[in-house]
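**Student:** sequence and predicted structure are below.
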There are 2 protein chains.
Amino acid sequence: MTSNPRITLAKLPEGSNGLQGLPMPGEHLILDQTRTIDLDNVPLNGGFLTKTIFLSPEPALRERMRDSSIQSYTTSFIVGAPVIGFGLVVVLRSEKKGIKTGDYMYGQTPWEAYTIQPYIEGRINFKPEDWPPATFDMDSLALQVVPNPGGAFPVTHYASALGTPGLSAFVGFEGLAQAKEGQTIFVSAGGSGVGSMVVQLAKQKGMKVIASAGSNAKCDYVRSLGADVVFNYKEDGYDVLKQHKPIHLYWDNVGGEALEAAIEHLEPFGRVVCCGSLSDYNKAPSERYGIKNTTLIFKKRLTLTGFLVPDLIPQYGGRFFTEIPALLAQGKIKSREVVFQGIDSAPRALLAVLNGGEDAGKVVVMVAKE
Amino acid sequence: MTSNPRITLAKLPEGSNGLQGLPMPGEHLILDQTRTIDLDNVPLNGGFLTKTIFLSPEPALRERMRDSSIQSYTTSFIVGAPVIGFGLVVVLRSEKKGIKTGDYMYGQTPWEAYTIQPYIEGRINFKPEDWPPATFDMDSLALQVVPNPGGAFPVTHYASALGTPGLSAFVGFEGLAQAKEGQTIFVSAGGSGVGSMVVQLAKQKGMKVIASAGSNAKCDYVRSLGADVVFNYKEDGYDVLKQHKPIHLYWDNVGGEALEAAIEHLEPFGRVVCCGSLSDYNKAPSERYGIKNTTLIFKKRLTLTGFLVPDLIPQYGGRFFTEIPALLAQGKIKSREVVFQGIDSAPRALLAVLNGGEDAGKVVVMVAKE
């Protein structure tokens, strides 16, 4: 028997509605080391057995840690069950056609060392009629076979440029940004998985890139990606934007003050792509930053458009999976990850993502050697 | 000699930056009765002499009452000069080709009883390089000849359904609303000149219409236009919206709490047309209502788009000038005005517009019998 540690959502983060406060290691997210698994003999029931290589803590996980009665764009987590998120796994045994031992797979998987797939615990029995309209069933983002890089690049790139963050950036940028050569884009959280890809895609299009980040290490990293102007918003605030006008396009990863500043400083007919709202996720709705300059939306004829990745995959996903690996191989796109070691570090790693850690790069939790 | 009373902007409304507080009659806007004009002999210098029939106090006038150093979408007013706004005039004498005695004309004109046109006082010597990009030169909205209704309809309709409010509603609705039969629209300030037209255009398209207004008289009026659900936001607040879901489209005339409520209750993929922000105009930027739920823009994949009327006139203005008079003549579109009598009432009339008066209909100031 082999130990099968996992991370479970023991209780919802603070606040009666479960939308307030950070998920704390040891309190809301706990390491459960009581489980074991017989890797050679556990019945697969027509499925397959996977070993988790890495887990990818992402801001969107926070949204799922809520009471299911609260409407949102995703299904909620089940208290007591393992956290489920994007990860890379390798197949140990399979009874399922098309999936074989040694396959690398990327997609939603429980935060545990070994899993009989499709996973059962934590999965929502999704009936659309039980959820608000257009709620997205996260469990539908099932594991897909991906190439084994065989040493050509670090597997952790699957959590960053080649994973959901890269995909989010690519489909949103291609679908909504209307990028124009010679124009200027402002990207908040420029050092994040999504932000760092947007910075690079914008440079590829010939744009001037302004980016914000939350530490000097992150600023250095974003500069190394080619951004023309980078500032530490914690030190400089967002008013620095007015020194770098004109600004035509804003990619919003954080909401709040950054969104307000962008609205303030965008050119007439400026565009905002709303991709995320990192500054809001851990605050109760009443405690969020209030944006006071929305009157500028009509005065400057701005357009703000929000998107979720699944909406745009049918149209732009195919190009992502062919173009980005090629650009990465040619060195035209870079991907950097901050690696946390061991599944026990996963709650801390998520906290670093939600709190804005110091280190530059997409946070990844390595669970096993390949 | 004939008396030629006028309304001048004596000083900017309260606040160091001129963007705060209401313009008060007798303080910021004053009646100047010292002027006379010799209607028969005053030199026209190739221009034409007009008698003002009515003036149209509109929310956008407030934006012009600011220091010219403050960026906005329009040129500013000149302190000491007459207020300039949309109005209907009749030509008394003309030396200008194409314009003859008896012509009715609609467009920007000074708030005075008689004017030698093109007016000189209050006009900005507009050089685009002296203004922020895309500042609109209001003086370019020059008087245009319009049909003399000859009793077929009240001339005041030129201030409402057949004037700038109707035009704003029409070009914005046709250009940006993507109205769909069977869907639901929420219109704030449903009894306003713009709002009342949007309500009617939406009903023409087969939409369900929810509207808010600020008095019971206005609510009754909006119901008479065919709106399906009407509420007094001062009594009921905006939470009433959640009882009338689904809502697919929001036409924003007021900003602030109404915009926040609409974002809260719109369906996924909902749309917002940002036309005005009446709740903000008389407040300093720091005192405006802070919208805390912008995170829903991406979660619900909303699109917010602002517009100014001149942007859309080239594409949709032609249809307005043919379709709306015909619909009005057929009784399929209604127009109602609240008439203030005499040019001395103009400052009070503007205050009623900015404060939200009790009476239902577009506010018009009758300056002369036709």
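**Tutor:** Now that the structure is in, tell me what you want to look at. Numbering: from 1, shown residues only, chains lettered A, B, ... in the order given.
**Student:** roughly how far does the residue nearest to A:Ser160 when sequence neighbours are not counted sit from chain B?
**Tutor:** Closest residue in space to A:Ser160, ignoring its immediate chain neighbours: A:Lys362 at 3.8 Å, by CB to CB, 6 or more residues apart in numbering or on different chains. Every residue, glycine included, has its C-beta placed from N, CA and C. Per CB to the nearest CB, to the nearest Å, A:Lys362 is found 19 Å from chain B.
**Student:** beta partners of A:Lys362?
**Tutor:** A:Lys362 has these beta-bridge partners by DSSP bridges: A:Glu337.
**Student:** for A:Val273, see how far away it is.
**Tutor:** Per CB to CB, to the nearest Å, A:Lys362 is found 19 Å from A:Val273.
**Student:** more neighbours, these two?
**Tutor:** A:Lys362 (29 against 26; other CB atoms under 10 Å in any protein chain shown).
**Student:** and the residue of chain A that's closest to chain B?
**Tutor:** A:Gly290 (1.7 Å; CB to the nearest CB).
**Student:** so that residue sits right up against B:Asn293, yeah?
**Tutor:** No - at 9.5 Å, A:Gly290 does not count as touching B:Asn293 under the criterion of CB atoms under 8 Å.
**Student:** A:Val91 against A:Lys100, yeah?
**Tutor:** Yes - if you go by CB under 8 Å, A:Val91 and A:Lys100 touch, sitting 6.6 Å apart.
**Student:** who touches both of the two?
**Tutor:** Contact criterion CB atoms under 8 Å, 6 or more residues apart in numbering or on different chains; residues shared by A:Val91 and A:Lys100: none found.
**Student:** just give me the longest helix of chain A.
**Tutor:** helix A:309-329 (DSSP state H).
**Student:** would you mind listing the buried residues in it?
**Tutor:** Using 16 or more other CB atoms under 10 Å in any protein chain shown as the test for burial, helix A:309-329 gives A:Val309, A:Asp311, A:Leu312, A:Ile313, A:Tyr316, A:Phe320, A:Ile324, A:Pro325, A:Leu328.
**Student:** with stretch A:274-293 instead?
**Tutor:** For stretch A:274-293, the buried set under the neighbour-count rule, 16+ other CB under 10 Å, comprises A:274-284, A:288-293.
**Student:** inside helices: which ones of those residues?
**Tutor:** Counting by DSSP H, those contribute nothing to helices.
**Student:** hang on, the earlier thing: which helices and strands does the longest helix of chain A pack with?
**Tutor:** With contacts taken as 3 or more CB pairs under 8 Å, 6 or more residues apart in numbering or on different chains; DSSP states H and E, helix A:309-329 sits against helix A:164-176.
**Student:** quick one: list the elements packing against the helix it packs on.
**Tutor:** For helix A:164-176, the packing partners by 3+ CB pairs under 8 Å, 6+ apart come out as helix A:193-204, strand A:266-274, helix A:309-329.
**Student:** what do you get if the cut-off is 7 Å, keeping everything else the same?
**Tutor:** If contacts are counted by 3 or more CB pairs under 7 Å, 6 or more residues apart in numbering or on different chains; DSSP states H and E, helix A:164-176 sits against helix A:193-204, helix A:309-329.
**Student:** mean pLDDT and distance to B:Ala349 for those helices - can I get that in JSON lines?
**Tutor:** JSON lines is the format used below for the helices and strands packed on helix A:164-176 (pLDDT from 0 to 100; distance: least, CB to CB, whole Å):
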{"stretch": "helix A:193-204", "mean pLDDT": "97", "distance to B:Ala349": "50"}
{"stretch": "helix A:309-329", "mean pLDDT": "92", "distance to B:Ala349": "47"}
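**Student:** who has more neighbours out of A:Val91 and A:Lys100?
**Tutor:** A count of neighbours by other CB under 10 Å puts A:Val91 above the other of A:Val91 and A:Lys100, at 20 against 12.
**Student:** show me where the stretch 101-250 of chain A has strands.
**Tutor:** Using DSSP state E, counting those that start in this stretch, the strands of the stretch 101-250 of chain A run over A:104-110, A:114-117, A:144-146, A:184-187, A:208-213, A:229-232, A:247-252.
**Student:** between the ones you listed, which gets nearest to B:Lys218?
**Tutor:** With CB to CB as the criterion, B:Lys218 lies closest to strand A:247-252 of these, at 36.3 Å.
**Student:** wait, does that closest one make contact with chain B?
**Tutor:** No - Strand A:247-252 lies out of reach of chain B by CB under 7 Å from any CB of the partner chain, never closer than 7.8 Å.
**Student:** what comes up buried for that strand?
**Tutor:** Under the neighbour-count criterion of 16+ other CB under 10 Å, strand A:247-252 has A:Ile247, A:His248, A:Leu249, A:Tyr250, A:Trp251, A:Asp252 buried.
**Student:** determine which two of those are furthest apart.
**Tutor:** Spanning the widest gap among the buried residues of strand A:247-252 are A:His248 and A:Asp252, at 14.2 Å by CB to CB.
**Student:** touching, A:Pro13 and A:His28? I think so.
**Tutor:** Yes - the pair A:Pro13 / A:His28 is scored as a contact, 5.2 Å apart, by CB atoms under 7 Å.
**Student:** alongside chain B, which residues does the stretch 251-370 of chain A contribute?
**Tutor:** Proximity of the stretch 251-370 of chain A to chain B (CB under 7 Å from any CB) is limited to residues A:255, A:259, A:267-268, A:274-277, A:280, A:285, A:288-295, A:297-308, A:311.
**Student:** out of these, which sit inside strands?
**Tutor:** A:Glu267, A:Pro268, A:Cys274, A:Thr303, A:Leu304, A:Thr305, A:Gly306 (DSSP state E).
**Student:** quick one: neighbours of the closest residue to the second one other than its chain neighbours, just the number.
**Tutor:** Leaving aside its chain neighbours, A:Pro268 sits nearest to B:Ala134 (3.5 Å; criterion: CB to CB, 6+ apart). Residues near B:Ala134, counting by other CB under 10 Å, number 15.
**Student:** would you agree A:Gly122 is in contact with A:Ala81?
**Tutor:** Yes - here A:Gly122 lies in contact with A:Ala81, judged by CB under 7 Å, at a distance of 3.6 Å.
**Student:** ok, those two, which is more surrounded?
**Tutor:** For A:Gly122 versus A:Ala81, the count of surrounding residues by other CB under 10 Å is larger for A:Gly122: 21 against 17.
**Student:** doesn't A:Ser72 lie inside a helix?
**Tutor:** No - counting by DSSP: H, G, I helix; E, B strand; the rest coil, A:Ser72 is not part of a helix but coil.
**Student:** not counting sequence-adjacent ones, nearest residue to it?
**Tutor:** Nearest non-adjacent residue to A:Ser72, counting by CB to CB, 6+ apart: A:Glu63, 5.6 Å away.
**Student:** how far away from the center of its chain is the helix or strand that contains that neighbour?
**Tutor:** A:Glu63 is part of helix A:60-64 when elements are defined by DSSP states H and E. Taking CA atoms, centre = their mean, to the nearest Å, one finds the center of helix A:60-64 at 10 Å from the center of the full chain.
**Student:** repeat that for stretch A:32-45.
**Tutor:** Mean-position distance between stretch A:32-45 and its chain equals 29 Å (CA atoms, centre = their mean).
**Student:** ends of that stretch, what's the gap?
**Tutor:** Counting by CA to CA, to the nearest Å, you get 25 Å between the two ends of stretch A:32-45.
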